[in-house]
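# curious how this folds, go ahead:
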Amino acid sequence: MALDLKRELNSEQYRAATKTDGPLLVIAGAGSGKTRMLTFRIAHMLEEGIDERSILALTFTNKAAAEMGERIRDLTGKPLAKLTTSTFHSFGMGVLKQYIQHLGFRNNFTIYDANDRMALIKEVITNLDYVVESFDLWELSSLFSDVKTGRKSFGPNASQKIRGLYEEYEKHLKAYNAVDFDDLITKPLDLFSSHPAVLETLRTRYTHILVDEFQDTSLAQYRIVEALARESRNLCVVGDDDQSIYSWRGANYENLVMFERDFPEREEIKLERNYRSTGTILEAANSLIVNNKQRKEKKLWTEGGRGSSIRLIHPANDDDEASTIADEIMLSHKKDDRPFSDYAILVRTNSLLDTLETKLTERSIPTAVTGGTSFFDRKEIRDIISYLKVIANQSDDINLLRVINTPRRGIGRTTLERLRRVADDHKCSLFTATEIMARSTDGQVREGLRLAVARFSALIADYHQELFSGKRPKHMVLRSLVEHIDYKGHIEAEHPDNEALVAFKMKGVSLLCDMLSRFERENPAASIFDFINRLSLAGKEGDDEEGGKVALMTIHAAKGLEWDTVYVAGVEDRYIPHARAIEEDPANIDEERRLFYVAITRARRSLILSSCENRLRNHIETPSLPSRFLEEIPKALFDEEDPARELSGDEVVDKLRLLRERLGQRIG
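Model prediction:
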């Protein structure tokens, strides 16, 4: 069945989908249906008789590439086994598998991930007789990546030692027949320059190239597609310069300019009609982003109506902010019968995630955390859950190993190896092995160690008995355990100079006990295993049919996603824009503004911006100023809630000081 593109697409999408020859630049605003346009464009190309093997569609995630291929197959009704929809790195890997022998490698090469790279750098340092501890391995790894991809050079002041380490790192990779992740982009370029026949073969095959999210391409990635399309000129790039937020990982904002220079005959089409957000949200986004001067002029619009005002709230501090947001979501969920998956909370930095997740968890609001550590992945929570699992099921060797020396009991690796041998000899669990060792009288185990093992064994056995006796509620047994092992003392020993962090971690442990208490009240007939199984699934299941989960994530992670209601927390100077942009490199303010633009345009119907009066910084509550970006949005678009309380004299002084600092930075 023939595609009816005029019926399926708006006029600009139609132009972009049917312009299949020659270079094309599509500036696709947020929510403008670019993915739909791209899939119809490729389906149209196939319908026009272009061989599927000649089409190369590149994007940035495996998920996006797979979804694009699936949608094209659905549109055409064909299997399209030879159509290439791929990430840049997967495409580069395919090129290397076919041609890497020209660079002196074997085709069965290994790809080193970040951990492998760090291990190899460490090995190189050792081989050169340097002291490993004198280097920051993560910093060195980042430098090597930047140098390899052309983001940085060693510079005239770089030490010969660092240059030598890099050269040895590269030699080791070749000796091990391995490439790192960056090589998947840079080595195809090496092939193109050193073996023109390889480039010509690929040019002959891929005569029509499309690039999605073009604003996120690095210089090396652009050079790949430019080289492939230099003769055919059939290169379509789709992106939005207003959503370029990944310079820190190599995205090159100048690639749009380079494309215009390298393909002067290009046609340019703008997709400005937005199918996602209300008119009010779009007006705010347009008013904000127009303050970036180095951008393609565009103005998002919608036929969907103005919608409600943007709410601007001023909580007193972090706790008040998190409580307010959690309470509002719960109230709206119950009153309006809306699924939790309708809501998202976005933040600029990972540091703001924990308090928000804790308040959501306290209210039993299911939450999917992206960009930080989930509540159930925090070390202290995993420790106590492991204790609970071992006490309930003494045959659970994995969780026993986690807690047998937490807090420290002097039970180290040698003892664990001995326990493992006992377990193997007696064909029993590790817990039973601790009981056997505790009763040992053969003198092979040091008395102090035998007593430590005996005390641990008795602890587990005693709490197992109490947990299943029914004499006390299970949550009280768990609280008693936390006190008995002095878990707070364990945390204090690990963080001796950080009382606030200790308090935060213990608050999480208390919250876990509260969860068990609530579970007991709501499920009086349930067993402890039912609770443990629920914890095991927490944070690991997808959205359920009834309610799903509130999305809690960084703005970077939210790009490409959308929700009916979006809260943006921490809309304050030093958070967005980030302190680094304000203090160290004001040139990055434009990217911070683009980041705020991305946050705003995630919302379909309701947008709530939160700017705290005070914010916890370095464990000290400090006055905050609303983000300077709020001043760039017309006040008429806001429904602003005035802070009810009066500021103290000291707070007024602090506010004035912050204001003077900001004004000084702007004047300077």
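# distance between the longest strand anywhere in the chain and the chain's centre?
Longest strand in the chain by number of residues (criterion: DSSP state E): strand 603-610. Distance, stretch centre to chain centre, for strand 603-610: 21 Å (Cα atoms, centre = their mean, to the nearest Å).
# partner strands of it, parallel or antiparallel?
Using DSSP bridges, the strands paired with strand 603-610 are strand 310-313 (parallel), strand 563-568 (parallel).
# pull the CA atoms of whatever helix or strand comes next after that strand into CSV?
Later in the chain than strand 603-610, the nearest helix or strand by DSSP states H and E is strand 614-617. The C-alpha trace of strand 614-617 is given here as CSV (Å, rounded to 0.1, in the frame of the first residue of the first chain):
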residue,chain,number,x,y,z
ASN,A,614,17.8,28.4,51.2
ARG,A,615,19.8,25.4,50.0
LEU,A,616,22.0,22.9,51.8
ARG,A,617,25.6,23.4,50.4
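# what residues sit buried inside strand 614-617?
Neighbour counts over strand 614-617 (16 or more other Cβ atoms under 10 Å) mark 614-616 as buried. To be clear about C-beta, it is placed using only N, CA and C from the backbone, and glycine gets the same treatment.
# and for stretch 486-506?
For stretch 486-506, the neighbour count (16+ other Cβ under 10 Å) marks 487-488, 490-492, 502, 504-506 as buried.
# flag the least confident of those residues.
Among the buried residues of stretch 486-506, Phe504 carries the weakest pLDDT, at 86.
# and the residue lying closest to that residue once chain neighbours are set aside, how close does it get to Arg479?
Using Cβ to Cβ, 6 or more residues apart in numbering and skipping the chain neighbours, the partner closest in space to Phe504 is Asp354 (7.2 Å). Distance, Asp354 to Arg479, using Cβ to Cβ, to the nearest Å: 22 Å.
# re the thing from before, may I have the phi/psi pair for the residue nearest to Phe504?
Note on Asp354: backbone dihedrals following degrees, to the nearest 10 are phi -60, psi -50.
# Leu511: how many residues sit nearby?
15 (other Cβ atoms under 10 Å).
# only C-alpha atoms, please: export stretch 11-21 in CSV.
What follows is stretch 11-21, C-alpha atoms only, in CSV (Å, rounded to 0.1, in the frame of the first residue of the first chain):
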residue,chain,number,x,y,z
SER,A,11,3.7,20.7,5.1
GLU,A,12,7.3,21.2,6.5
GLN,A,13,7.6,17.5,7.5
TYR,A,14,6.4,16.6,4.0
ARG,A,15,9.0,18.8,2.3
ALA,A,16,11.7,17.2,4.4
ALA,A,17,10.5,13.6,3.8
THR,A,18,10.3,14.0,0.1
LYS,A,19,13.5,15.9,-0.5
THR,A,20,15.6,12.7,-1.0
ASP,A,21,18.4,14.0,-3.3
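# closest to Ile555 among the buried residues of stretch 486-506?
Phe504 (23.5 Å; Cβ to Cβ).
# what helix or strand is that closest one located in?
Assigned by DSSP H and E, Phe504 belongs to helix 499-522.
# wait, Lys270 sits on Lys296?
Yes: at 7.5 Å, Lys270 counts as touching Lys296 under the criterion of Cβ atoms under 8 Å.
# overlap in contacts of those two?
Residues touching both Lys270 and Lys296 (Cβ atoms under 8 Å, 6 or more residues apart in numbering): Ile27.
# these two: which has the busier surroundings?
It is Lys270, of Lys270 and Lys296, that has more neighbours when counted by other Cβ under 10 Å, with 18 against 14.
# for the more buried one, give me the pLDDT.
We have a pLDDT of 97 for Lys270.
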